Structures are given as C-alpha cells and as structure tokens.
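Participant: prediction below, plus the sequence it came from.
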Amino acid sequence: MTTVEEAILFARRALSQHAVFQKVLETEPDTLLPQLTVDDSRLRGLVAAFLQTHLEPEKDSLASGVTVEGAADHVARLLMSFMSAEGSWDLSDPAQVHKLVRTELLAGVFAEKPVLRR
C-alpha cells in the first residue's frame, strides 16, 4: 500500500469519525461545503504540498510534459472531488482505494505504472 492510499483511508476514516465535522456537515452544510468544493484553494494547496513530497522522488517517471507541481495539483483536485463525493468508490475499502489511485488519480500522470515508494 502506498502512502497516498494510506492517506486516503486515514482521511476518510478521520472525517467520518470526527463528531464536530459530522455535526457541522449535518446542521450547517452551507458553512462547510464551500470550503471543500468551490473555495477549496487553501485545503487543496495543503493536499498538493503533501502529494508533491511524494511525487518529487518519482519525477523522472512522470509522463512527458508533466511537472511535479502540475501533477500534484491535478491529483489534489481529483482527490478532493472523490473525498467530497466518492460516487461508487468505497473509500474505506483498501482494495478499492488501491484501484482508485492506480486507475483514476494517477492515470496519465506517469509514463508507466506509478510506483510512489514510501
């Protein structure tokens, strides 16, 4: 399991178990949801910075024309989208998270199969 996969599983679990987050999401969604969707630049920047540290060692494996910064921002946007509306993915299932990372989040970022070492 990669660090990105572990981070997704952790984030999903932490958000689902965070009583205050869940209460605000239930009672005041208009306060919280814009921070996670429309006006997500601050949070997305933190996610992209995290991803950048894990993509940097793999920069020689990136697809032609893809930069570490561009890849981190792209994957952060996708990740934020899946975290707020996971669709048919079960983000608490390690096997599904593994497939999501390989087939959706990192698709097109790497020239070959992504490795993303620990």
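Facilitator: Ah, there it is.
Participant: quick one: the helices in this structure?
Facilitator: Along the chain, the stretches classed as helices by DSSP state H are 3-17, 19-27, 29-36, 41-55, 68-84, 94-100.
Participant: which of these is buried the deepest?
Facilitator: helix 68-84 (a mean of 18; mean count of other CB atoms under 10 Å). Backbone N, C-alpha and C define where each C-beta goes, glycine included.
Participant: for that helix, the distance to its chain's centre please.
Facilitator: 6 Å (CA atoms, centre = their mean, to the nearest Å).
Participant: quick one: list the elements packing against it.
Facilitator: The helices and strands touching helix 68-84, judged by 3 or more CB pairs under 8 Å, 6 or more residues apart in numbering; DSSP states H and E, are helix 3-17, helix 29-36, helix 41-55.
Participant: and the pLDDT for the spatially closest residue to residue 92 that is not a sequence neighbour?
Facilitator: Counting by CB to CB, 6 or more residues apart in numbering, residue 12 is the residue found nearest to residue 92 once chain neighbours are left out, at 5.7 Å. On pLDDT, residue 12 comes in at 88.
Participant: make sure residue 12 is actually in contact with residue 91.
Facilitator: Yes: between residue 12 and residue 91 there is a contact under CB atoms under 8 Å: 4.1 Å.
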